[in-house]
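Trainee: Take a look and give me a structure for this.
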Amino acid sequence: MSASRFDRTADRYAAAARTRDWSGMVAWCEPQSGDRVLDVAGGTGALAEALEGRVAEMTVADVSEPMLANVPAWAQRVVARAEQLPFEDGSFDLVTCVRALHHIESPTRALDEMARLAAPGGRVVIEDFVADPDRATARRWERVERLRDAGHQRILESGEARSRLLAAGFSVDAEESWVETIDTANWIELAGCDHPLAAGIREAVGAPEFQITVGRARFRRPAE
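Mentor: Numbers count the residues shown, from 1 in each chain. I've put the predicted structure just below:
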C-alpha cells in the first residue's frame, strides 16, 4: 500500500470510520474474551475500537504512521507491510482485513501472511470490494480507481481470496456479498483529491453515485 495519500488524509479516514456501523463486522469476527487479534492494514483502528472489551489483545498493522496515530490506546500499533508481517507463525486467534486488500501491492502474499499467522482453530475474516464479473467493466473501474488513488493496486475477483485460503488448508465458515451505493463526491473528498483531479474523476464516474459489490467471508484453520 502506498502510504502517502493515507498519510495526508488520516484524519478524514478516522472521522469517516467513526460514522460506520461496525456491529456486522464484529459479529462476523465472533470475538472471544481470550482472543489475540491482528487487523491487517487496519488504518485508523476503527475495528479495534469496536472490539474493545470483547477480546484479550489487539494489534493493528499498517504502513501509515499517521493512520496508526488514530488507533485507540488499548491496541498495539505496528508499522508493517501486509506482505511481510513481523510476527511468529500462529500468533493470533483472529486475523482481519477490512476493505484494504485492493490497496496492497501483492494481495496473494498478504493472504498467505494472514494464513500463516492464524493459530490452529483460528479465524481469518476478510471484507473487501469485488471486481465486476464483466472484464471490460472491471478494467474501466480500475482506471477510475487509479485516477482517485495512484497507489491503488487492484480489486480481487470473486472467489480469489477464498481459493488462496482454501489452498492454505482453511475451511469456509460463512460468506456473503451485497451491493453498496457510494456517493461519488464523498468518495472523492475522502481521498483528498485536488479540484482538477476531482473534476476528472466525477466525469469518469459519470454519476452522482455508483454501486459496487462488497464481499465478506470468515475462514477457519483446522484445530490441531
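Trainee: now the helices for the protein?
Mentor: Assigned by DSSP state H, the helices in the chain fall at 3-8, 10-18, 23-29, 46-51, 65-68, 107-117, 135-148, 160-167, 184-190, 195-205.
Trainee: closest to Glu224 out of those helices?
Mentor: Nearest to Glu224 among these is helix 107-117; the distance by Cβ to Cβ comes to 14.7 Å. All C-beta spots, glycine's among them, are computed from the backbone N, C-alpha and C.
Trainee: which residue sits closest to Glu157, ignoring its sequence neighbours?
Mentor: Leaving aside its sequence neighbours, Glu157 sits nearest to Ala131 (Cβ to Cβ, 6 or more residues apart in numbering; 4.8 Å).
Trainee: what's the pLDDT at Arg8?
Mentor: pLDDT for Arg8: 89.
Trainee: Might you list the low-confidence residue ranges for the protein?
Mentor: 1-4 (pLDDT under 70).
Trainee: still on that earlier bit, need the winner for burial among the helices of the chain.
Mentor: Highest mean neighbour count of these: helix 46-51, a mean of 23 (counted as mean count of other Cβ atoms under 10 Å).
Trainee: what about the residue nearest to Glu157, distance to Val124?
Mentor: According to Cβ to Cβ, to the nearest Å, Ala131 and Val124 sit 20 Å apart.
Trainee: what does Leu51 give?
Mentor: Distance, Leu51 to Val124, by Cβ to Cβ: 15 Å.
Trainee: related to what we said a few turns ago, contacting residues for the residue nearest to Glu157?
Mentor: Contacts of Ala131 were listed using Cβ atoms under 8 Å, 6 or more residues apart in numbering, and they are Ala138, Trp141, Arg154, Ile155, Leu156, Glu157, Ser158.
Trainee: Now distance to Ser64 too, for those residues, in TSV please.
Mentor: Shown next, in TSV, are these (distance: Cβ to Cβ, whole Å):
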residue	distance to Ser64
Ala138	27
Trp141	24
Arg154	20
Ile155	20
Leu156	21
Glu157	26
Ser158	28
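Trainee: Just the buried residues from these, in PyMOL please.
Mentor: The buried residues among the contacts of Ala131 can be selected in PyMOL (16 or more other Cβ atoms under 10 Å) with this line:
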select buried, resi 141+154+155+156
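Trainee: Just the ones of the contacts of Ala131 in strands?
Mentor: With strands taken from DSSP state E, there is no overlap with the contacts of Ala131.
Trainee: just the contacts of Ala131 now: which is nearest Gln211?
Mentor: Taking Cβ to Cβ as the measure, Gln211 lies nearest Trp141 of the contacts of Ala131, at 11.0 Å.
Trainee: is it true that the closest one touches Ile155?
Mentor: Yes - between Trp141 and Ile155 there is a contact under Cβ atoms under 8 Å: 7.3 Å.
Trainee: Name the nearest residue to Ala69, sequence neighbours excluded.
Mentor: The shortest distance from Ala69 to any non-neighbouring residue, by Cβ to Cβ, 6+ apart, is to Ala10 (6.8 Å).
Trainee: ok, now Glu65?
Mentor: Leaving aside its sequence neighbours, Glu65 sits nearest to Val79 (Cβ to Cβ, 6+ apart; 5.9 Å).
Trainee: Report the beta-bridge partners for the one you found.
Mentor: As for beta bridges, Val79 partners with Asp62 under DSSP bridges.
Trainee: Was I right to think it contacts Met67?
Mentor: No - in this structure, Val79 is not within contact of Met67 by Cβ under 8 Å, at 9.8 Å.
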